[in-house]
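Q: Sharing a sequence plus its predicted fold:
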Amino acid sequence: MGEVDIDFPKIHFRSKYVCMSRTDWKAFAAAVVEANPTARYLRSLPPGTDLSSAQPPDFQIEDSFVNLLNHGDFPWEVTMHIDPAWQWSWARSDIGRWYIRGASDLVIRFLLGGNVIEGNAKHPSFMAQGEIDVSCRAGRKEHYAFAQRLFRLLKRFVTNKDQICYEWPGYEVRWTRDKGNWYWLGHDAIRWAREDKRRLLTWHSAGWGVRPNDEGLAAPKEAAKQSSRTGA
């Protein structure tokens, strides 16, 4: 038998780092469904799913991003599949664990985040970061065009303007950005952060996080000093 050349097309990822609350995600999901009525969605498996059982998990594809967010546990990951003819199936790995087989031509991956982590001695109160990845195959202009449309839609619900980065726990300013930052903050996430000047978004274990930079709003460190002077 002669050799067979198999061409694996190069994939370019178009990504956005986001920090969106669950309210932000639900609003964005509704807009995504409206703009892509034939798309279908798979969610991350629920915690505790047994992937080594005799039968594969009871797990179905959904035709609504919104339904995935409004029913059951809030998923940590959702994949969006554009091709209406796409099919998937369960398969067993070499070690006997179930996995989903059948990659679609264009896959959009939403890492949702959005859960609120209460502060303690090791970190401040913060909202978990997410990410959106579009896997564009080289030479497929329609894939890149889709990514552009999706991110234009996203910008209705997020902003990368007027951000400040603080070191924690002292809340020293690390940097400020008037516009063009690589973090996209959801409008409701910003509302949540503004309720307490010590709350941070996109927290990093290196000891810093981002929040909205509101003109005239005292930094948390200064606010604490003012409070102690006034007795508030």
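A: Sure thing, it's come through. Numbers count the residues shown, from 1 in each chain.
Q: Quick check: the gap between the nearest residue to Asp162 once chain neighbours are set aside and Lys16.
A: Computed as CB to CB, 6 or more residues apart in numbering, the closest residue to Asp162 that is not its neighbour in sequence is Asn213, at 4.9 Å. (C-beta placed from N, C-alpha, C; glycine too.) Distance from Asn213 to Lys16, counting by CB to CB, to the nearest Å: 20 Å.
Q: ok so, going back, okay, now the residue nearest to Asp162: neighbour count?
A: 16 (other CB atoms under 10 Å).
Q: wait, what's in contact with it?
A: Contacts of Asn213 were listed using CB atoms under 8 Å, 6 or more residues apart in numbering, and they are 162-164, 176-177.
Q: Now do it, the pLDDT please.
A: We have a pLDDT of 94 for Asn213.
Q: Need phi/psi at the residue nearest the centre of the chain.
A: Closest residue to the average C-alpha location of the chain: Gly130 at 2.7 Å, with CA atoms, centre = their mean. When read as degrees, to the nearest 10, the backbone of Gly130 gives phi -130, psi -170.
Q: Wait, it touches Arg109, no?
A: No: using CB atoms under 8 Å, Gly130 is not in contact with Arg109, being 10.4 Å away.
Q: which neighbours do those two share?
A: With CB under 8 Å, 6+ apart, Gly130 and Arg109 have no common neighbours.
Q: so where is this structure shaky, pLDDT-wise?
A: 1-9, 215-232 (pLDDT under 70).
Q: let's see 80
A: 1-9, 46-47, 59-60, 71-73, 102-104, 215-232 (pLDDT under 80).
Q: Okay, helices next: where are they in this protein?
A: Assigned helices in the chain, in chain order: 22-35, 65-70, 141-154, 187-194, 220-230 (criterion: DSSP state H).
Q: Please produce TSV containing the ones you listed, extended by distance to Ser135 and mean neighbour count.
A: Shown next, in TSV, are these (distance: least, CB to CB, whole Å; neighbours: other CB atoms under 10 Å):
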stretch	distance to Ser135	mean neighbour count
helix 22-35	16	18
helix 65-70	17	18
helix 141-154	8	15
helix 187-194	26	20
helix 220-230	39	12
